[in-house]
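sequence and predicted structure, then a few things I'm wondering about:
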Amino acid sequence: MPAAALKPVYALVGSDSFLQLQKLAEILALSPGAARIDFDGERADLAELLDELRSFAMFGSGKIVVVQNADDLLSRFREQLEQYVAHPSDSATLVLRLSSLPKTQRIHKAIAAAGKIEICDPPKDLSRWIIDRGRSAHKLTVNPDAARLLADLIGDDLGRLDNELAKLALSAKGGKIAAEQIADGVAFQRERQMSELTNAVAAGRPAEAIKRWRQLVRLDPSTEFRAVTWLAIWLSNIRKALAMLKQGIPPASVPQKLRIWPPEMYQPFMQTAQALGETGATKAIDLLTEIDLQSKSGVGNAAENVERFILTMAIPRN
């Protein structure tokens, strides 16, 4: 595209840096010969930034001035930036990388009028994004079950998801990926270990659950802070399973619908769900919430708090 297609100002707004970098690459591609100048919004001097925008590039076809962490810059110099956007330089493009830009602010309306606002938040349907991204960027066919498992294991970190898709594309036979191949991947070792821990809790094996927990903490101390999320997901699935049973869904179908993994945990998961019941699941969620609050408030050791929860929940089966 010709350089004339460039807008004088862009706001890349959202929580996902991968999407922001994608949009930035698209902007840079509109004028390959433009000089790129980067500023850090937390430390940038406004006068220096404006001088850069208003001065001509010595070489190439203009400038693209990129401000990362631009939220801080905007909070410090909102009025001056509004004035600039109202009368932007015709020899430079300003790109603001922001975590948020409320529509009620005048600067939002000014940028929308003079330039373009790109929303860079993860999509709500991660599975669809994974399937589409695998096909378009990596020539990889990801089946729906595999996409859902990948989304469950990684979450909405699109950069990491894209990286895993790239690695999977190298090992995929026939350019296709199924859930089994993702579950066996080395990249998900920590996630699988945490899943095995909750499986041990679900099966009522406290000794195994505690052993796995202590191994996880030794291997990765940050696990103690991630465990609450995993346990909360497990308890949420138990409540969903109980709700499905009330709706008349056959017990054998419930774990598959909830994407419990691996299949050999279907029966122990359902046994735990039925043993806990709605009352037990609610009490467990309350206990987990209390333990999480204690850990965040500095009451007790986080790892020991999680261990106490595991011991409370892993009731041996007869």
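Yep, it's here.

can you list the domains in this protein?
3-119, 126-184, 188-313 (automatic domain parsing).

is Leu12 in a helix, a strand, or coil?
With DSSP: H, G, I helix; E, B strand; the rest coil as the basis, Leu12 sits in strand.

surely it and Lys23 touch.
Yes: when contacts are counted by CB atoms under 8 Å, Leu12 is listed as touching Lys23 (5.1 Å). (Glycine included, C-beta is placed from N, CA and C.)

picking up where we left off before, make JSON lines from the domains of the chain and add mean neighbour count and mean pLDDT to it.
Putting the domains of the chain into JSON lines (neighbours: other CB atoms under 10 Å; pLDDT from 0 to 100) gives the following:
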{"stretch": "domain 3-119", "mean neighbour count": "17", "mean pLDDT": "91"}
{"stretch": "domain 126-184", "mean neighbour count": "17", "mean pLDDT": "88"}
{"stretch": "domain 188-313", "mean neighbour count": "17", "mean pLDDT": "84"}
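
Gly161 against Leu153, yeah?
No Gly there; residue 161 is Leu. No: using CB under 8 Å, Leu161 is not in contact with Leu153; the gap is 9.6 Å.

intersection of neighbour lists for Leu12 and Lys23?
Taking CB atoms under 8 Å, 6 or more residues apart in numbering as the contact rule, Leu12 and Lys23 both touch Glu118, Cys120.

tell me what the lengthiest helix in the chain is packed against?
Criterion DSSP state H: the longest helix present in the chain is helix 266-296. Contact partners of helix 266-296 among helices and strands, from 3 or more CB pairs under 8 Å, 6 or more residues apart in numbering; DSSP states H and E: helix 189-202, helix 223-246, helix 254-257, helix 302-313.

relative to helix 302-313, how tilted is that helix?
On the basis of axes from the mean of the first three to the mean of the last three CA atoms, to 10 degrees, helix 266-296 is oriented at 140 degrees to helix 302-313.

tell me which residues touch the closest residue to Phe77 other than its chain neighbours, please.
Leaving aside its sequence neighbours, Phe77 sits nearest to Leu46 (CB to CB, 6 or more residues apart in numbering; 4.7 Å). Taking CB under 8 Å, 6+ apart as the contact definition, Leu46 lies against Leu73, Arg76, Phe77, Gln80, Leu81.

how close does Ala147 sit to Ala209?
Noted for Ala147: a distance of 29 Å to Ala209, by CB to CB, to the nearest Å.

hmm, I was thinking of Glu26
In terms of CB to CB, Glu26 sits 48 Å off from Ala209.

so what's Leu168 closest to, chain neighbours aside?
Leu168's closest residue in space is Ile177 (CB to CB, 6+ apart), at 5.2 Å.

please look at the one you found and Asp145 and confirm they touch.
No: look at Ile177 against Asp145 with CB under 8 Å: they stay out of range, at 10.0 Å.

what does stretch 115-130 contact?
Here stretch 115-130 has contacts from 7-17, 19-20, 23, 85, 88, 94, 101, 108, 111, 142, 144, 147-148, 150-151, 155-156, 158, 161, 165, using CB under 8 Å, 6+ apart.

swap in stretch 195-215?
Residues contacting stretch 195-215 (CB under 8 Å, 6+ apart): 193, 216, 227, 230-231, 234, 261, 265, 268-269, 271-272, 303, 306-307, 310-311, 313-317.

need the helices and strands packed on helix 266-296 in CSV (columns: distance to Pro32).
Output for these, formatted as CSV (distance: least, CB to CB, whole Å):
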stretch, distance to Pro32
helix 189-202, 40
helix 223-246, 42
helix 254-257, 50
helix 302-313, 50
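
who touches stretch 235-249?
251, 254-255, 257-258, 260, 269-270, 272-274, 276-278, 281-282, 284-285, 288.

run the last query once more with 10 Å
198, 202, 250-251, 253-255, 257-260, 269-270, 272-278, 280-282, 284-285, 287-288, 313 (CB atoms under 10 Å, 6 or more residues apart in numbering).

verify the assumption that Val95 is located in a strand.
Yes: assessed with three-state DSSP, Val95 lies in a strand.
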